[in-house]
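Have a look at this prediction, sequence included:
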Amino acid sequence: MTIETQVSSAMIATQGLTFAYTEEPVLSNISLNFQAGEFTGVIGPNGSGKSTLLKLIGGILPSASETVFFKNRELSHYKKKELAVSIAWIPQEKQMAFPFKVIDIVLMGRHPYLSPLSFEGKDDYQIAEDAMKQTQVLEFAQRSFNEISGGEKQRVMIASAISQKPDVMLLDEPTSALDIKYQIEVLNILKRLNEDENKSLILAMHDLHLASKFCKRLILLKKGQVFCEGTPAEVLKKEILEDVYEVKVKIFQDDEDGSLLVVPESS
């Protein structure tokens with residue numbers, strides 16, 4: 001299969017993607033394909049370029065021409081409103097400068113469908129309510145977003161993305177700073193969206209066990225380049241992880257679901 005054929009069959013594709021904030025590249029020569037309906041985790045050490053990659057394929061950061069494609073069309077050729085209908089971006093930072101209510105945050109997902117001078121209608125509120133039911137935050141609808149817990153905020157942000165009705169959801173460290181209960185809750189919500197609604201999910205993740213447990217495909221970055229990609233079993237191997245993370249590890253397999261637990265060896 002040629003590169004052109006791979007790109008044309010992918011939901012999102014990158015070809016030779018390179019990006020730098022200053023002179024030193026953060027990402028170098030990244031060529032990847034993301035198929036519709038995939039649940040993909042992007043993993044790697046701090047500073048390997050995970051968040052930057054998600055921002056580039058979501059149009060949050062500008063990319064060079066002919067390096068990022070969405071539905072076989074160069075990303076830079078889309079208007080921002082077009083992309084906002086199709087791709088939802090959920091960042092790590094969840095603190096709002098203004099005291100928005102939870103319902104206001106969820107309704108922000110409907111903004112790409114509104115004209116500049118129009119307001120949300122009955123259908124928009126129904127879509128938002130359904131999204132809040134899916135993420136179990138409807139009871140918080142009238143509360144201030146900044147007053148709820150981190151796990152609740154994450155579910156609200158996902159509800160906002162659901163109300164956007166996108167093809168693709170990009171999530172930057174969706175379980176960071178959450179306790180294990182909220183981590184599992186958030187990832188189970190994403191799993192249901194992937195399995196029941198065929199949402200394409202691309203997550204930047206640190207927790208290798210959770211990545212193994214929920215993601216069907218992993219992309220491992222090292223110093224801004226793709227070191228390897230494949231199923232969790234193909235990527236989370238002792239020799240690979242020790243090379244990339246520069247630490248000795250032991251790997252254990254969960255007998256129940258086959259997920260992998262990576263544990264650093266004591267010195």
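Ah, there it is.

residues in contact with the closest residue to residue 200 other than its chain neighbours?
The spatially closest residue to residue 200, leaving aside those adjacent along the chain, is residue 168, at 4.5 Å (Cβ to Cβ, 6 or more residues apart in numbering). (Glycine included, C-beta is placed from N, CA and C.) Residues in contact with residue 168 (Cβ atoms under 8 Å, 6 or more residues apart in numbering) are 11-12, 34, 58, 86-88, 199-202.

The nearest residue to residue 201 once chain neighbours are set aside: neighbouring residues, count only.
Nearest non-adjacent residue to residue 201, counting by Cβ to Cβ, 6+ apart: residue 39, 4.9 Å away. Under the neighbour criterion other Cβ atoms under 10 Å, residue 39 is assigned a count of 19.

Tell me who's in contact with residue 39.
190-191, 194, 201, 214-217.

confidence score at it?
Here, the pLDDT recorded for residue 39 equals 98.

Quick check: phi and psi on it?
Backbone torsions of residue 39, given as degrees, to the nearest 10, read phi -120, psi 100.

how much space between it and residue 153?
22 Å (Cβ to Cβ, to the nearest Å).

can you check residue 166 too?
Relative to residue 153, residue 166 is positioned 19 Å away (Cβ to Cβ).

Pretty sure residue 108 is one of the things residue 131 touches, is it not?
No. Under the criterion of Cβ atoms under 8 Å, residue 131 lies out of contact with residue 108, with a separation of 11.3 Å.

who's more crowded, the two?
residue 131 (24 against 17).

which residues sit in contact with residue 128?
With contacts defined as Cβ under 8 Å, 6+ apart, the neighbours of residue 128 are 103, 106-107, 109-110, 120, 159, 163.

of all those, which comes closest to residue 73?
Minimum separation from residue 73 among the contacts of residue 128 (Cβ to Cβ) is found for residue 109, which lies at 23.0 Å.

need the helices for this protein, in chain order.
When secondary structure is read from DSSP state H, the chain shows helices at 3-9, 50-57, 80-86, 102-107, 122-134, 150-163, 180-197, 208-214, 232-235, 238-245.

Please produce TSV containing the ones you listed, extended by mean pLDDT and distance to residue 96.
Written out in TSV, the entries for the helices of the chain read as follows (pLDDT from 0 to 100; distance: least, Cβ to Cβ, whole Å):
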stretch	mean pLDDT	distance to residue 96
helix 3-9	55	37
helix 50-57	97	20
helix 80-86	91	18
helix 102-107	96	7
helix 122-134	96	17
helix 150-163	93	9
helix 180-197	94	19
helix 208-214	96	26
helix 232-235	97	35
helix 238-245	97	34
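
Compare the ones you listed and give me the one nearest residue 262.
With distances scored as Cβ to Cβ, the stretch of the helices of the chain nearest to residue 262 is helix 208-214 (4.5 Å).
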